[in-house]
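Pasted the sequence and its predicted model underneath.
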Amino acid sequence: MSNVTFTIDGREVSGRAGQTILKAAEASGIYIPRLCAYKNLVPHGSCRVCSVRVNGRIQAACVQTISDGMVVENDSAEIREFRTAILDMLFVEGNHYCMFCEKSGLCELQALAYRFGITAPQYPFLNPDRPVDLSHPDVYLDHNRCILCGRCVRVSQELDHKNVFQFVDRGYRKRLQVNGEALAATRLAVTDEVTASCPTGALMRKRVGYAVPIGQRPFDAQPIGAGNLQTEDSP
Amino acid sequence: MHQALVTVVEDICGRYGFDRTRMTDIVIAVQQRLGCVSTEAMEIIASKVNSHRVEVESVVTFYAFLSVKPRGRVIIRLCKDIVDWMKGYDEVADAMAKELGVTMGETTADGGITLTSTPCIGMSDQAPAALVNDVVVPNLTPERGRQVIRDLRRHLDPAQLITMVGDGNNAHPLVHSMVRNNIRRRGPVHFDGFESGCALERTIDQTPENVIATIRASRLRGRGGAGFATGQKWEFARNASGERRYVLCNADEGEPGTFKDRVLLTECPDQVFEGMTVAGYALGSDSGIVYLRGEYAYLRAFLENVLETRRRQGLLGKAILGKPGFDFDIRIQMGAGAYVCGEETALISSCEGLRGDPKNRPPFPAQKGYMGCPTIVNNVETFSAAARIMERGANWFAEMGSERTTGTKVLSICGDCRKPGVYEVPFGITARELLDMADADNPGAMLIGGPCRQMIGPERFGGQICYDDLATGGAILIFNRARNKLEIAEHYLDFFIEESCGHCTPCRVGLVLLKEVVHKVVSGAGEPSDLDYMRRLANVISQTSRCGLGQAAPNPVLGALQNFHTLYADMVSDRKLGLLSTFDLSKAVADAELRVGRMSQYV
C-alpha cells in the first residue's frame, strides 16, 4: 500500500496516498509534535504546533496530505523557533501553574515545553480572568488551563455523539462553552471518551488526580514523543 | 410569553425548512424580529433544526451584528475605520455619545438606542459614516450626529433619517439610500452599459469547455486580490467529481477602504448575476449564492428584485434562454458582521450555517467546497468582468491592461485626497497617476490593497497597479505626510485582533502580543530590542497562521518597519539603569495610596 515517497529532514519516508504528513511520519517512527491532533478525529489544524516547512511553505502536518517527492522540514532551527513561539503563546494566553497542577507529568503542553527547553515564556503573561466549572459530580472544567485545541469539542461530537462542548465568540475572546448552564446540566458522563481527551488539565476527572504519584508519570521519565505517548493512540 | 416566542422562532425555522445548514439565515431573522437571539430562542432553534443550544450559540456569538442579550431598538454603528478616524470619527462619536447620554457600546436606559462602533462599512469615500440599523448615514459631522440622535429620539425610525437620496440606483425606490456612488472614472468593462442576456446568448452557443477556454484566453484573474486565474479555477471545479457544483459570489467586501463592489452591486447587478450564470453554465452548476455582507443589507431588496426580473426574463431558473438542461438560480446569503467571511472557505462555512471559521486546506473549494461539493468563489468584479468577456470576446479584454495583467481594475480610492471614489482604470497604471487622478493632498504614503497588503512610501509611487508589482483587491488609501504611520499600523492591528476567528494560536494570541509591543513603541516606551522582537513575532504569525487573515495581519507593522524604518528606530531608546520601561511606579502604588489614604513621598 505504500505508494507515496517523500522526505522528512532528508530521510526518505513512504506512505499511502491521502495520508497526512503527521500520520505518515508517525507510521515511519518520526514524531512530529502536536497538540490539537487526536486519534480518530478529523484534523483541526488549530494549534499549529505541528507546523512543518513543505516545499518551501509552512503547513500544518496534521492537515497537509503527502505527495511524491515532497520535501518536509520538521526539525530545523526555524521550525523549532516557530514551535517554541506557539507553545509560549499558549502558556501566556491562559493561566498555567505546572507546580501545583494535578496534570503535571501527564500534560502534553508541559511535556512539549520540556521537549523544547522552555523554562519561561518569551512573551508577557496575559493573565486572563477565567472561571472554573466544578458543578459536575465527576468531572471538572478549569478554563484557566484550556488551550482551545478543540479536542473535547470534537471527541464529544464525533466519538461520544453528545455535543457537550462548543466554541463561542471569536478572536481572543473565543472560549469553550458547554451545552447547558454548567457542566452538571449537560449529558456528560465520566465514562465518556471525552474525559480522557484533554491534553492539559482543563477537563479532568475528579478524585483520581493523584492515583499515579508525580514522579512516576509518563513524561516524568522521558520527553514527549519518545514512545511514551503518540496522540494517535493516546492514553 | 414562552409560547409566543416558540411560535415566532418556529415560524422562522420553518421558512428555512428546519434546515440546520440555514442556521445563519435563521439566527439573522430571529435577531431582526426579536432584537436578540436569547438563550431561550437558541434552545428553541436547536430543538427545531435538530441541533444543540451550544452550537446555535457558537454561531450567534461569532457575528458582530448578532447578540444574545437585547440591545436598543435602534443600533447606531459608527464606522471606526482609519479613514473615518482621519475625517473626524472621534469628534462625531463624542458628540453622539454626549447627546445620547451614554458611552460607546451602551444602550439608553429606555432600551431605545444603542451606540456602538464597527469596522469599515464600505463608505470610506463618504466618511465618517454610520449604519443606523440598515440605514447608511454618510458624511457625518458632530452637528449632524447630534441631529441624528435628536431625530431618532423622536421617532425611533431609521428610515425617517433619509432626507435625500444618492445618485444612480441609490435613488431607486428599493434602495432609497443617501449613499453616493462617486464614480469618477468609467471604464469599458464595468461601466459601459450592459444589456441583460447579451453575454448568455453568446455563452449558450458554445460548449461549457469553450466558455472556460474563452475565460482562460482573456487571462482574467480574480479581482478580490489574490489573483488566481479565473478560467483555471472554473476548470478545476468543472473537472472535480461531485453530485452538484456551486457558484459563489463573494460580496463580503470587508477590506478596510474598499467599496467598489458596493458600487458594482448598485449600478451593474445584472452584469454580475449574468457572470455568475455564465459560470453556472461553464461548471454545470444549477445553483449560485451571493454572499452579501450585513453592512450592505440596504441593497438586498433591490438585488432580490433584479433576480426576480431576470427570472421573468428567462435569464434565471429552468431552461435559461430556452436551452434545455441549462438550469441556474441564485439566492442571496446575508452576512452579519464578520470580516473573515471574505476569506473564501470562511464564506462557505457561513453559507453552511456554521461559525465563519475558515476551513482547512486541502481540500480546496474547487474540489470540496459548499456542502462538500465542487465550488468556485469569485469576487463581484470577477463575475462582472466574465460577463463582459463573453459579450465582447477574450481578445478585446486581453488587449487592455499591462503585459502580464490583462483588463481593467475597479479601484476604491480614499483618504487624504479631494476626489475619493470609484475609478475603473487599466492595469499597469502607476500609483503616482492615481494620486494625480484623485487629487491627493501632499501624499506621504499609500496603502495599496488595504491593510492586508503593504504600505508604500513616495519612493515606490512609480510602481504599477498589477499582480506582479502593486497588487490590490481594490483598496487604495492615501495618507498625507503628516500622518503617523505607526499609529495607522496600530489601528489596523486592533482591527485584525477584533476580526480574527480565533481558531489558530498564532493569529488569536500572537496579534494581541504584537499589539502590546507596537503600542509600547508608539507610546514612547520602546527599547531597541523591541524592534527585533516585533519582527520575529510578526514573522511567526504570518508564517504559521492558518488562513490569509493571520498571514496578512502583521503586514501593516512589517510594512512600516521595512518602508519607514527610521520611524520606529527614532521612537526607541535604551533605558537607563536597566529599568523596565513599561513599569509605571505611580500606577503601581496608586491602589496602596488609596487604601492608606495618603500619597507616596517617593513617586
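Sure thing, it's come through. Numbers count the residues shown, from 1 in each chain, chains lettered A, B, ... in the order given.

Could you point out which residue ranges in the chain have low pLDDT?
No chain was given, so I picked chain A. Within chain A, the segments meeting pLDDT under 70 span A:1-2, A:227-235.

try chain B instead
By pLDDT under 70, the weakly predicted segments of chain B are B:1, B:576-578, B:603.

what domains does the record give for it?
Domain assignment for chain B by automatic domain parsing gives B:3-60, B:74-163, B:184-398, B:408-479, B:485-569.

need the contact list for whichever residue of chain B sits closest to chain A.
Here the residue of chain B nearest chain A is B:G502; by Cβ to the nearest Cβ that distance is 3.2 Å. C-beta coordinates here come from the backbone N, C-alpha and C atoms, glycine included. B:G502 is in contact with A:148, A:167, A:169-174, B:508, counting by Cβ atoms under 8 Å, 6 or more residues apart in numbering or on different chains.

So which bits of the stretch 251-400 of chain B are right by chain A?
B:338, B:340, B:355, B:360-362 (Cβ under 8 Å from any Cβ of the partner chain).

tell me which residues in the helix ranked longest in chain A are buried?
Of all the segments of type helix in chain A, defined by DSSP state H, the longest one is helix A:77-93. By 16 or more other Cβ atoms under 10 Å in any protein chain shown, the buried positions in helix A:77-93 come out as A:79, A:82-93.

Run the chain-centre distance for that helix.
Mean C-alpha position of helix A:77-93 versus that of the full chain (Cα atoms, centre = their mean, to the nearest Å) differs by 13 Å.

likewise stretch A:71-87?
Using Cα atoms, centre = their mean, the offset of stretch A:71-87 from its chain centre is 16 Å.

now check it, is it near chain B?
Yes - for stretch A:71-87, a contact with chain B is found by Cβ under 8 Å from any Cβ, at A:81-82, A:85-86.

circling back: for the residue of chain B closest to chain A, which three-state class applies?
coil (DSSP: H, G, I helix; E, B strand; the rest coil).

and what of A:C47?
coil.

quick one: it and B:T505 touch, right?
Yes - the criterion here is Cβ atoms under 8 Å, and A:C47 meets it with B:T505 at 5.6 Å.

which residues do the two both contact?
Shared contacts of A:C47 and B:T505, counting by Cβ under 8 Å, 6+ apart, come down to A:86, A:90, A:147.

ok, B:T406 - contacts?
B:218-221, B:397-400, B:427.

In terms of helices and strands, where is the closest residue to B:G393 other than its chain neighbours?
Leaving aside its sequence neighbours, B:G393 sits nearest to B:T214 (Cβ to Cβ, 6 or more residues apart in numbering or on different chains; 7.6 Å). Per DSSP states H and E: B:T214 is located in helix B:208-218.

Check which residues of that helix are buried.
Buried residues in helix B:208-218, defined by neighbour count with 16+ other Cβ under 10 Å: B:208, B:211-218.

before we move on, what about stretch B:179-192?
For stretch B:179-192, the neighbour count (16+ other Cβ under 10 Å) marks B:179-185, B:187-191 as buried.

ok, which of those residues also contact chain A?
Filtering the buried residues of stretch B:179-192 for proximity to chain A by Cβ under 8 Å from any Cβ leaves nothing.

Could you dump those into a markdown table and include secondary structure?
Shown next, in a markdown table, are these (three-state DSSP):
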| residue | secondary structure |
| --- | --- |
| B:V179 | coil |
| B:R180 | coil |
| B:N181 | coil |
| B:N182 | coil |
| B:I183 | strand |
| B:R184 | strand |
| B:R185 | strand |
| B:G187 | coil |
| B:P188 | coil |
| B:V189 | coil |
| B:H190 | coil |
| B:F191 | coil |
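
tell me the two of the residues you listed that are most distant?
Largest separation among the buried residues of stretch B:179-192 by Cβ to Cβ: B:V179 and B:P188, giving 24.7 Å.
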